[in-house]
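> below is the sequence, then the predicted model.
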Amino acid sequence: MLVISYNLRKHRAISELAALDERYSPDVVCLQECDTLDLAEHEGRLRLAHSTVGSRLGLAVYYRPDRIQVRSLRTVALKKSMHDRVLRPAHERLLGARVHDLEHGRDAIVASFHAAPLTALNSLRRHQIKAALGELQLLGPNLPTLMVGDYNYPIFKDNLAEKVREAGYDLTLSDSRTYTRYKFFRGHFDLATSAGFDIRKVETLPRGSSDHLPIMVDAVYSDAAASHAASHDEPLDGTPIVA
């Protein structure tokens with residue numbers, strides 16, 4: 001399954017979605033910071049599954065209907081930072097979709113996540129990440145799960161990775177930095193958290209009009225990956241998680 005995550009920088013990069021679909025043919029696209037009142041039902045071969053409401057920095061999920069069916073959806077408001085309480089930029093910070101993978105005949109969960117801004121503490125973002133992963137289980141306990149998005153977590157990722165592992169998930173960074181706008185806050189902001197998937201690769205895609213670079217996650221079901229590796233007696237391409 002190919003999943004792209006992209007923070008649109010207050011909707012500025014919305015016009016790039018059709019080109020991303022044309023070039024990379026993703027199965028699912030997870031968006032952050034989009035104007036949910038200005039989303040097309042279709043972008044290239046992608047169809048809009050759902051978007052959040054009640055915030056000016058919304059989330060959305062698009063999917064390819066020839067590969068994916070959407071079973072159910074869940075939007076969640078996570079613990080708020082002071083920035084959220086005062087400026088109210090976002091209410092719902094998680095949009096999860098239980099999908100049916102037509103190619104493999106199985107269900108999985110894919111989610112778009114947007115953590116609190118850099119004005120908040122890392123401890124709050126860790127709380128949001130843990131709560132988000134718990135909420136996704138309500139879509140289907142123990143299903144393969146992939147949560148991608150803007151984690152706003154530029155430093156101390158080892159600690160984050162440890163907390164994520166304690167919750168039964170892996171944290172995966174992309175092959176190069178995803179955010180370079182500010183001198184002191186550069187690095188991997190856009191991440192993937194997964195369980196039940198082997199992550200072959202997380203690739204940082206070329207820069208567009210956003211201050212974030214999109215990432216593309218190449219994920220395979222863990223049991224299918226193990227079976228393939230055993231039958232071919234060779235390792236999977238790419239290096240899973242490390243933070």
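Nice, thanks for sending it over.

> any idea which helix or strand in the protein has the lowest mean pLDDT?
When the helices and strands of the chain are scored by mean pLDDT, DSSP states H and E, helix 82-87 comes last with a mean of 51.

> now do the helices in the chain.
Using DSSP state H, the helices of the chain run over 17-24, 82-87, 122-136, 157-166, 222-232.

> hey, which of the ones you listed is tucked in deepest?
Most buried of the helices of the chain by mean neighbour count (mean count of other C-beta atoms under 10 Å) is helix 122-136; its value is a mean of 19. Where C-beta positions appear, they are placed from N, C-alpha and C, glycine not excepted.

> which outside residues touch that helix?
Helix 122-136 is contacted by residues 74, 76, 78-79, 81, 93-94, 96, 109, 111, 113, 115-116, 145, 147, 151-153, 155-156, 159-160, 163-164, 167, 169, 193 when judged by C-beta atoms under 8 Å, 6 or more residues apart in numbering.

> now list the buried members of those residues.
74, 76, 78, 81, 93-94, 96, 109, 111, 113, 115-116, 145, 147, 151-153, 160, 163-164, 169, 193 (16 or more other C-beta atoms under 10 Å).

> run through this protein and note the low-pLDDT ranges.
Within the chain, the stretches with pLDDT under 70 are 54-55, 81-90, 181-186, 225-243.

> geometric centre of it: which residue is closest?
Val148 (1.5 Å; C-alpha atoms, centre = their mean).

> now that one, nearest residue through space, not along the chain?
Ser5 (3.8 Å; C-beta to C-beta, 6 or more residues apart in numbering).

> so who does that neighbour touch?
Going by C-beta under 8 Å, 6+ apart, Ser5 touches 29-32, 112, 148-150, 190, 192, 214-215, 217.
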